[in-house]
Structures are given as C-alpha cells and as structure tokens.
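In: Fold the stuff below for me.
(one chain, ligands or ions: 1)
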Amino acid sequence: MTIAIVGAGLGGLALARVLHLHDIEAVVYEREASRGARGQGGMLDIHSGQRALREAGLIDEFFAIARGEGQDMRLLTPDGTLLLREDTPDDAPLLRPEVDRADLRDLLLDSLPEGVVRWGHAFESAADGVLRFADGSSAPYDLLVGADGANSRVRALLTEARPVHIGQNVVELCISDIDRTHPDLAAMVGRGNYWVLGKGVSLAAQRNGDGRVRIGISFYNTPEDWFTTSGIPFDDPAAARARLIDLLAGWDARFTALIAAADDTVVPRAITTLPTGLTWPSKPGVTLLGDAAHLMPPVGEGANMALLDGALLGLALAAHPGDFAAAVREYEREMFDRTSTAARESAKIQDLLMSPDAAQRLLAFFQPG
Ligand SMILES: Cc1cc2nc3c(=O)[nH]c(=O)nc-3n(C[C@H](O)[C@H](O)[C@H](O)COP(=O)(O)OP(=O)(O)OC[C@H]3O[C@@H](n4cnc5c(N)ncnc54)[C@H](O)[C@@H]3O)c2cc1C
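Out: Residues are numbered from 1 along each chain as shown. Now for the predicted structure:
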C-alpha cells in the first residue's frame with residue numbers, strides 16, 4: 001500500500017516524519033530540484049504547531065533553533081508614536097517563538113531517511129492509482145496526500161474551491177546584514193516584530209535569524225490587479241523603492257528610511273484565501289493538508305495548522321493499519337473542525353488590520369481591558 005505525498009513543505013514533511021516513526025513507508029514528491037533551489041522566506045511563529053513537533057519526536061531540536069527573542073514586539077503609528085513595546089525576558093517560556101522557515105524545513109528534511117523525498121517531481125495529475133509528473137514520469141499510489149500549498153493541483157480532485165483575493169497586496173523588501181550596513185535601523189527594529197499600522201497601509205519589519213530584516217508593506221482594500229496600476233516598477237528596484245516612499249507620504253522619516261535601505265529584491269505578493277470552513281465529501285484514496293486544504297490570511301496560523309495536519313494524519317494512518325478510508329475520515333473530521341476555527345480567528349484579525357483604526361484595535365487586542 002503506497003502513500004504518496006505531493007509537496008515537501010512543512011505539512012508534507014511532518015506527515016512523512018510521523019509515518020516514518022511508525023514504520024509506515026511513504027514517498028514525498030517535490031517539484032523543486034533540491035532543498036536549496038528556492039529561498040524559503042522569513043520567520044514563522046510556532047505555537048499550536050509545537051504539538052506536531054512533539055509527535056514528530058523533534059521538539060528539543062526545535063527549541064534549539066527557535067528564537068525566543070523573536071517574540072519581541074513594537075507597535076507604532078505612522079507619525080512615529082510608540083503604542084506598545086514588549087521585550088521578551090531571557091527566561092520567558094517559548095510559547096510562540098519565531099523560527100526561520102528554512103531551519104524548520106531542514107530539521108524535518110534531516111529527520112527523514114535518504115530517498116524519501118524525490119526532488120524534481122512536479123505533480124500534474126492523478127487517475128486510477130497513477131500519479132503523473134511534468135517530466136513525463138509516473139508513480140503508483142493507493143493514498144494520495146496533496147500537501148502542495150496555496151495553489152495546489154491535487155485540490156481539484158476533491159473540490160472546485162479556489163483561492164480568492166482578499167483585498168490585500170504586499171510588497172516584500174529585505175535589508176541584508178543590517179547590523180553592519182544600518183546599525184541605527186537594526187536597533188530601531190529590535191530583535192523581533194516591528195509594526196507600523198496606518199489607515200489602509202501597514203509596514204511590518206522583522207528580524208530574521210540570519211541577520212536580515214524582512215519588510216512587508218501591505219496595501220489594504222486594494223483590488224486584485226493593483227500591482228499593475230500601483231506605479232511600482234518591480235523591474236527597477238531603485239525606482240520601486242522611490243515609488244513606495246511616495247505611497248507612504250506623511251509617514252515618519254524613520255519608517256521610509258527602512259525602504260530606502262532595502263536591497264534590490266522587491267517582490268509583489270497578492271494575498272488570497274480559500275473559503276472559511278471549506279469541506280468536501282471524503283474519498284478513500286485522496287486527501288489534502290495545509291494550505292492546499294485551508295489557505296488562510298497570513299496572520300500566524302497557516303504553518304501551525306499545516307504541521308498539525310501532517311502529524312495528525314500520520315497518527316490516524318498509524319491507528320488504522322491498512323484502512324486508509326477510515327484514517328482519512330477520522331483525520332478530515334478533526335482537521336475541518338480545528339482549521340475552520342483557526343480560519344475564523346484569522347479572518348477576525350485580518351478584518352482588524354484592514355480597518356481604518358487598525359493600530360488602536362490591535363493595541364486593544366494585545367492589551368484587552
Ligand atoms: C509572508 C508569509 C508569512 C507567514 N507567516 C506565518 C507565521 O508566522 N506563522 C504561521 O503559522 N504561518 C505563516 N504563514 C503561512 C505559512 O507559510 C503556510 O501556511 C505554510 O507554509 C503552509 O505549509 P504547507 O506545507 O501547506 O505548504 P507550503 O509550505 O507552501 O509547501 C508546499 C510545497 O509543495 C510544493 N509543490 C507545490 N506544487 C507542487 C506540485 N505540483 N508538485 C510537487 N510539489 C509541489 C512546493 O514547492 C512546496 O515545497 C505565512 C505565509 C506567508 C505568505
């Protein structure tokens with residue numbers, strides 16, 4: 001009985017690891033050519049997903065790479081007013097530590113036997129127990145798990161639902177080696193999250209473990225084609241930075257200095273989500289996990305849910321040896337319930353961030369009463 005997992009992201013790898021711990025064979029098909037083929041982006045805050053890492057037998061290794069100080073937070077308004085500053089004491093419990101996505105993925109990859117992940121296999125279609133890949137190769141399966149992220153191709157085997165734009169467009173920037181190149185800005189951003197919330201625009205800067213600060217500038221209540229009309233020339237980084245500074249007219253010079261200091265990687269990202277509470281009638285030979293199943297606004301739940309999905313599907317398969325249909329039903333029942341709650345909470349925070357008084361509302365969220 002062959003378990004095929006499409007996608008070597010956090011969810012697919014958590015599943016492969018838990019199956020491995022239970023002596024259940026699985027193969028992970030990943031379209032990237034190798035683990036380093038594509039940058040893995042920035043930091044993730046891992047909270048409920050810690051349970052998955054416990055089930056995967058990797059919790060101590062996780063704490064060794066987690067950054068407790070990454071929980072530090074500063075919240076400001078565009079005129080420079082500091083609304084909230086939280087510094088994490090050295091002995092604080094690691095409730096929501098930050099971790100570099102690449103480090104976490106490496107931890108999971110290194111925990112699997114050689115050959116479990118087959119790189120360079122871009123899934124195209126599946127029928128009659130056979131997977132087909134873009135390079136013309138094929139492989140058999142009895143259970144297919146779509147762990148292939150936001151733009152999942154496996155998803156179409158179970159539902160017609162597609163991600164929809166939610167009126168947020170983000171421009172991502174990066175300052176490399178900030179301690180050396182811009183120590184003043186490094187001190188301003190601090191060890192963790194630095195948020196400036198304005199009306200319809202926010203700037204989120206975050207210290208990464210490798211000495212970079214990554215910056216996301218979000219434009220809320222903007223249409224899906226906003227990047228084509230925004231006047232940001234993505235093929236000309238210097239002009240793109242200048243245009244972004246124009247778009248933040250009236251903001252304190254300290255914030256626009258972050259944009260001016262950024263390097264030449266200027267990346268547009270349109271934010272989409274799947275419908276909250278998406279379900280499908282269970283099918284014995286195929287299921288989904290992670291963003292493929294429940295893409296949410298990026299407010300800190302997606303990676304946690306993907307890790308949990310992978311671990312819990314692995315445990316369900318171990319609890320029902322040879323009965324994939326029963327395992328998938330049990331997994332999906334719990335997953336639909338858990339992730340629809342997380343998606344509703346994420347939608348509430350998203351709504352708050354998109355509101356005209358986002359800074360005050362976020363302050364009240366962090367300091368209720
Ligand atoms: C900017 C940003 C910040 C975020 N911050 C946080 C955070 O702090 N906390 C949090 O919990 N979540 C966060 N998220 C969400 C989180 O990144 C995702 O929810 C999580 O990565 C989903 O994991 P996954 O395994 O489902 O998919 P992914 O991590 O996207 O992995 C999918 C894998 O499938 C592969 N693949 C895709 N198509 C194919 C194919 N056809 N064939 C073979 N392989 C394929 C991809 O190459 C990839 O390796 C953030 C998201 C963004 C965009």
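In: Please count neighbours and contacts with C-alpha atoms only from this point.
Out: OK.
In: domains in the chain, as residue ranges please.
Out: 3-67+99-162+275-353, 164-272 (automatic domain parsing).
In: and Pro368, which of the ones you listed is closest to it?
Out: domain 3-67+99-162+275-353 (14.2 Å; Cα to Cα).
In: hey, where'd the helices end up in the chain?
Out: With helices called from DSSP state H, the chain shows them at 10-21, 50-55, 59-65, 101-110, 178-181, 183-189, 226-229, 237-247, 253-260, 291-294, 302-319, 324-354, 358-366.
In: Looking at the domains of the chain, spot the one closest to the ligand.
Out: Each of the domains of the chain has some distance to the ligand by Cα to the nearest ligand atom; the shortest is domain 3-67+99-162+275-353, at 3.1 Å.
In: anything in that closest one sitting right up against the ligand?
Out: Yes: using Cα under 6 Å from any ligand atom, domain 3-67+99-162+275-353 reaches the ligand at 6-12, 29-32, 43-45, 121-124, 147-149, 152-153, 290-292, 298, 300-304, 306.
In: quick one on the thing from earlier: take the helices of the chain and write them to CSV, including distance to Val201.
Out: CSV is the format used below for the helices of the chain (distance: least, Cα to Cα, whole Å):
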stretch, distance to Val201
helix 10-21, 30
helix 50-55, 32
helix 59-65, 32
helix 101-110, 26
helix 178-181, 24
helix 183-189, 18
helix 226-229, 14
helix 237-247, 9
helix 253-260, 12
helix 291-294, 25
helix 302-319, 22
helix 324-354, 8
helix 358-366, 9
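In: Lowest mean pLDDT across those, which one is that?
Out: Lowest mean pLDDT within the helices of the chain: helix 358-366, at a mean of 91.
In: which strands and helices sit next to that one?
Out: strand 73-76, strand 193-197, helix 324-354 (3 or more Cα pairs under 8 Å, 6 or more residues apart in numbering; DSSP states H and E).
In: thinking again about what came up before, can you lay out the helices of the chain as JSON lines showing mean neighbour count?
Out: Listed next are the helices of the chain as JSON lines, based on neighbours: other Cα atoms under 10 Å:
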{"stretch": "helix 10-21", "mean neighbour count": "28"}
{"stretch": "helix 50-55", "mean neighbour count": "20"}
{"stretch": "helix 59-65", "mean neighbour count": "14"}
{"stretch": "helix 101-110", "mean neighbour count": "18"}
{"stretch": "helix 178-181", "mean neighbour count": "14"}
{"stretch": "helix 183-189", "mean neighbour count": "16"}
{"stretch": "helix 226-229", "mean neighbour count": "13"}
{"stretch": "helix 237-247", "mean neighbour count": "17"}
{"stretch": "helix 253-260", "mean neighbour count": "17"}
{"stretch": "helix 291-294", "mean neighbour count": "27"}
{"stretch": "helix 302-319", "mean neighbour count": "25"}
{"stretch": "helix 324-354", "mean neighbour count": "18"}
{"stretch": "helix 358-366", "mean neighbour count": "16"}
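In: Tell me which of these lies nearest to Thr159.
Out: Closest to Thr159 of the helices of the chain is helix 291-294 (Cα to Cα; 9.6 Å).
In: other SSEs contacting that closest one?
Out: Packing partners of helix 291-294 (3+ Cα pairs under 8 Å, 6+ apart): helix 324-354.
In: for the helix it packs on, packing partners?
Out: Under the contact criterion of 3+ Cα pairs under 8 Å, 6+ apart, helix 324-354 touches helix 291-294, helix 302-319, helix 358-366.
In: hmm, back to that, how about the domains of the chain in JSON lines, adding distance to Arg85?
Out: Formatted as JSON lines, the domains of the chain follow (distance: least, Cα to Cα, whole Å):
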{"stretch": "domain 3-67+99-162+275-353", "distance to Arg85": "18"}
{"stretch": "domain 164-272", "distance to Arg85": "9"}
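In: Was I right to think Gly12 contacts Ala147?
Out: Yes: judged on Cα atoms under 8 Å, Gly12 makes contact with Ala147 at a distance of 5.2 Å.
In: follow-up on the earlier one: among the domains of the chain, which is nearest Gly80?
Out: Per Cα to Cα, nearest to Gly80 of the domains of the chain: domain 164-272, 5.7 Å.
In: Would you mind naming what in the stretch 151-300 of the chain lies close to the ligand?
Out: Counting by Cα under 6 Å from any ligand atom, the residues of the stretch 151-300 of the chain near the ligand are Ser152, Arg153, Gly290, Asp291, Ala292, Pro298, Gly300.
In: buried subset of these?
Out: Buried subset of those (neighbour count, 16 or more other Cα atoms under 10 Å): Ser152, Arg153, Gly290, Asp291, Ala292, Gly300.
In: what sits against Thr272?
Out: Residues in contact with Thr272 (Cα atoms under 8 Å, 6 or more residues apart in numbering) are Pro163, Val164, His165, Ile166, Leu295, Met296, Pro297.
In: same thing but at 6 Å, please
Out: By Cα atoms under 6 Å, 6 or more residues apart in numbering, the contact list for Thr272 reads Pro163, Val164, His165, Ile166.
In: could the helices and strands packed on helix 324-354 go into CSV alongside distance to Thr279?
Out: Listed next are the helices and strands packed on helix 324-354 as CSV, based on distance: least, Cα to Cα, whole Å:
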stretch, distance to Thr279
helix 291-294, 8
helix 302-319, 14
helix 358-366, 30
